[in-house]
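> Structure, please.
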Amino acid sequence: MTIYNNSWEAVIGLEIHVQLATNSKLFSGASTNFGALPNTQACNIDLALPGVLPVLNEEVLKMAIKLGKALNANINSPTSFARKNYFYPDSPKGYQISQMDKPIVEDGYLDIELEDGSTKRIGVTRAHLEEDAGKSLHEDFEGQSGIDLNRAGTPLIEIVSEPDINSPEEAVAYLKSIHSIIRYLEISDGNMAEGSMRCDANVSVRKKDSDKLGTRTETKNVNSFRFVEKAIQYEIERQISELESGNTITQETRLYDSQANTTRPMRTKEFANDYRYFPEPDLLPVVLEDKFIKKVLEQMPEMPNEKKLRFVNEYNLSEYDSSLLAADKDLANFFEEVVEVSKSAKLSANWIMGELSAELNKENLKVQESKISAEQLGQLILRIEDSTISGKIAKDVFEKMWSSGEKVDVIIEKEDLQQVTDLSEIETMVSKVINENPDQLKQYLSGKDRLFGFFVGQVMKESKGKANPSQVNEILKEKLKE
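This is a model prediction of the structure:
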């Protein structure tokens, strides 16, 4: 929960850099595979050798159009490229090809869901295409830096929000929504640990009764949802402390230190004119024909909100369950595969968000890395539904499936876990428990109804947990009347 002085308001905008999942770079045919040896995936164009010319990758246009649609935005045609001039050692050209005046995506919005169940609309100023820089390496070079240009020229789309966000929690909700969208569209894997999605957080504070924006700082390249929340929280509290001490805020770029949970100055914040933008002379404006855009949009997949509504209507799940399942494309697909086998949507959702998620979190696994397949989990739920095992025993079976990899029916048979459903057998156990507990019987008959649970527990203990609970309850009710 956000904790800071109630007389202040935070104003936050996010710039999200998404690496697009193309096989080749934005303006060259060099590979974009992650993890290659340094400088093995940089061609003459990426190295900016004399006489080379950029050639636009058509796939990035298709990906940008899909993203624009998902963000309820306008697709600009023509769209054009510009040179953003700056010198860093990891940028061989001395400039970056980006978009300035005519970004491909502009004027959109995204409705985010907050923890209290409410929604908030966040404006999306623009999403523009640009090439990534290389990477400076410091760890292995004492007193020096190495330059790896494999990433130079990798296609990015930068999504810039309006300053409509007012808390770290809202920022994370917005970031997660963008992450979900790019994964559904399959335009990026969104892997923040590998740099496929990076976030810059622009933060300022102002008095709640003021309409004037405060001086903002930009915290660069934060690479996890948790760190984004912590970095913004720290920056809000730092700025309030500075202002209340009579100091001013410097417009600057800062870095987040996750070990110390602090931000620190990196450089004075540049303005657009510092980059000396001008139209890219080697690339003509790109005209997107209506039929091209229409063909791309025909390939749009079902999006998270659409899937959520379908889960509510088709599977009769709650909005809460549907929202959690639909937020992650892989989790949603896993759920539907489980239901295909189990035929029970509610029970499948409960098991996925309960036992399965707990095990995945414990071992830091993604759902596609689950040690129990969707089909196996569906079979387990099916055995609960057909009364082969009880829900309690199913939890033990689940643990054995997870650790051993054995199938449901193999474990049930090997461990002799089949639920007792024979009425005469259950009646015998009930009678035995009643006869062995005369004091409790007397108290129950005198009006202490809560002892009914004691008798249920004793029968389940007698059956080693294998008696059908609903049948135990029915038979006990009848027997205790006699």
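> low pLDDT regions in the stretch 201-350 of the chain?
268-273 (pLDDT under 70).
> Which residue ranges of it form helices?
Along the stretch 201-350 of the chain, counting by DSSP state H, counting those that start in this stretch, helices occupy 225-244, 290-297, 304-315, 319-327, 329-342, 345-351.
> Show me what counts as buried in the longest one.
For helix 225-244, the neighbour count (16 or more other Cβ atoms under 10 Å) marks 225, 227-240, 243 as buried. (C-beta placed from N, C-alpha, C; glycine too.)
> Just list what it packs against, helices and strands only.
Under the contact criterion of 3 or more Cβ pairs under 8 Å, 6 or more residues apart in numbering; DSSP states H and E, helix 225-244 touches strand 8-19, helix 168-185, strand 197-207, strand 217-222, strand 252-257, strand 262-268.
> could I get those as JSON lines with mean neighbour count?
Formatted as JSON lines, these follow (neighbours: other Cβ atoms under 10 Å):
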{"stretch": "strand 8-19", "mean neighbour count": "21"}
{"stretch": "helix 168-185", "mean neighbour count": "22"}
{"stretch": "strand 197-207", "mean neighbour count": "22"}
{"stretch": "strand 217-222", "mean neighbour count": "20"}
{"stretch": "strand 252-257", "mean neighbour count": "18"}
{"stretch": "strand 262-268", "mean neighbour count": "14"}
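> Serialize those to a markdown table and add fields for distance to residue 65.
Conversion of the helices and strands packed on helix 225-244 to a markdown table gives the following (distance: least, Cβ to Cβ, whole Å):
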| stretch | distance to residue 65 |
| --- | --- |
| strand 8-19 | 14 |
| helix 168-185 | 10 |
| strand 197-207 | 19 |
| strand 217-222 | 27 |
| strand 252-257 | 31 |
| strand 262-268 | 34 |
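> Of all these, which one comes closest to residue 364?
Nearest to residue 364 among those is helix 168-185 (17.5 Å), distances taken as Cβ to Cβ.
> So which elements touch that closest one?
Using 3+ Cβ pairs under 8 Å, 6+ apart as the contact definition, the elements that helix 168-185 packs against are strand 8-19, helix 58-70, strand 105-113, strand 119-131, strand 197-207, helix 225-244, helix 304-315, helix 329-342.
> With distance to residue 406 added, can I get these in CSV?
Written out in CSV, the entries for the helices and strands packed on helix 168-185 read as follows (distance: least, Cβ to Cβ, whole Å):
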stretch, distance to residue 406
strand 8-19, 40
helix 58-70, 42
strand 105-113, 39
strand 119-131, 44
strand 197-207, 38
helix 225-244, 35
helix 304-315, 29
helix 329-342, 17
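> out of the ones you listed, nearest to residue 281?
Set against residue 281 and scored by Cβ to Cβ, these come closest in strand 119-131, at 15.8 Å.
> mean confidence score for the closest one?
When pLDDT is averaged over strand 119-131, the result is 97.
> Which positions in that strand come out as buried?
By 16+ other Cβ under 10 Å, the buried positions in strand 119-131 come out as 122-131.
> same deal with stretch 337-353?
Of the residues in stretch 337-353, those buried under the neighbour-count criterion (16+ other Cβ under 10 Å) are 337-339, 341-342, 344-345, 347-349, 351-353.
> Appreciated, that's everything.
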